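Quick check, what structure comes out for this input:
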Amino acid sequence: MAVKPWWRETLETILWALVLALVLRTFVVQAFWIPSGSMKPTLEPQDRVLVAKFWYTFTEPKRGDIVVFKFPDDPTRDFVKRIIGEPGETVSMEKGMVYIDGEPLDEPYVEFRDSYTMPPLKVPEEHYFMMGDNRPNSQDARFWLKKFVPKSDMKGPVFFRYWPPSRIGLVD
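Sure, this is the predicted structure:
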């Protein structure tokens, strides 16, 4: 067996590493940067998180998941919000309290509330209603032209924060 020259071995190693990185980023996990405080206190501005891109291939998105998705009003932008309304449910708000099918929603992750009131909206099949945890400072589905996110536009759930080092850990 002929021995490859060192430069060819190095070049092949770099190419395989690039191909592996592209496959992982496309199908398995992708890093995202949090640009705003709309998800405070769960996610802070400048946090860096990982998203499991394969997750919704095997399971359905569920209420409470923090998800990265294509912004419905401009699909070139990615947003991160929490799933509030699932397909077929009716979502409404009364003075900052969220109701699902007429029942108040327990939201221990919301530290900052507003007094927003929203008439009932029925979530279409295969779509989700998304809101930020920092309600007074979140441009979420309450204000979008297209109120619902199709499942096909979800990139995956946020599962891990890797930056800053003082906040490394699982995200829920």
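
Every contact and neighbour count from this point should use C-alpha atoms.
OK.

Go through this protein and flag its longest strand.
Across the chain, the longest stretch assigned as strand under DSSP state E is strand 154-163.

which strands and helices sit next to the helix or strand that it is followed by?
Per DSSP states H and E, strand 154-163 leads on to strand 169-170 as the next helix or strand towards the C-terminus. Counting contacts by 3 or more CA pairs under 8 Å, 6 or more residues apart in numbering; DSSP states H and E, strand 169-170 packs against strand 154-163.

average pLDDT for the strand it packs on?
Computed over strand 154-163, the mean pLDDT rounds to 97.

Remind me what it packs against, helices and strands.
strand 48-52, helix 55-58, strand 66-70, strand 169-170.

Let me know the next secondary structure element after the third one.
Put plainly, it is strand 66-70. Later in the chain than strand 66-70, the nearest helix or strand by DSSP H and E is strand 78-85.

for Leu11, phi and psi?
phi -60, psi -40 (degrees, to the nearest 10).

about what we covered before: give me the buried stretch members for the longest strand of the chain, please.
Within strand 154-163, the residues that count as buried by 16 or more other CA atoms under 10 Å are 154-161.

Among the residues you listed, which one lies nearest to Gln46?
Arg161 (10.7 Å; CA to CA).

Thought Arg48 was touching that closest one, still the case?
Yes - at 5.8 Å, Arg161 counts as touching Arg48 under the criterion of CA atoms under 8 Å.

what about Pro165, neighbour count?
9 (other CA atoms under 10 Å).

ugh, wrong one, His127
20.

wouldn't it be in contact with Lys147 here?
No - applying CA under 8 Å as the test, His127 and Lys147 come out as separate, 9.5 Å apart.

Pull the distance from stretch 74-82 to the chain's centre.
8 Å (CA atoms, centre = their mean, to the nearest Å).

Quote the end-to-end distance of that stretch.
From its first residue to its last, stretch 74-82 covers 18 Å (CA to CA, to the nearest Å).

Please apply the same query to stretch 23-37.
With CA to CA, one end of stretch 23-37 sits 31 Å from the other.

cool, stretch 25-39 as well?
24 Å.

where does that stretch sit relative to the chain's centre, distance-wise?
Worked out by CA atoms, centre = their mean, stretch 25-39 lies 7 Å from the chain centre.

got the buried residues for it?
Buried residues in stretch 25-39, counted by 16+ other CA under 10 Å: 29-30, 32, 34, 37-39.
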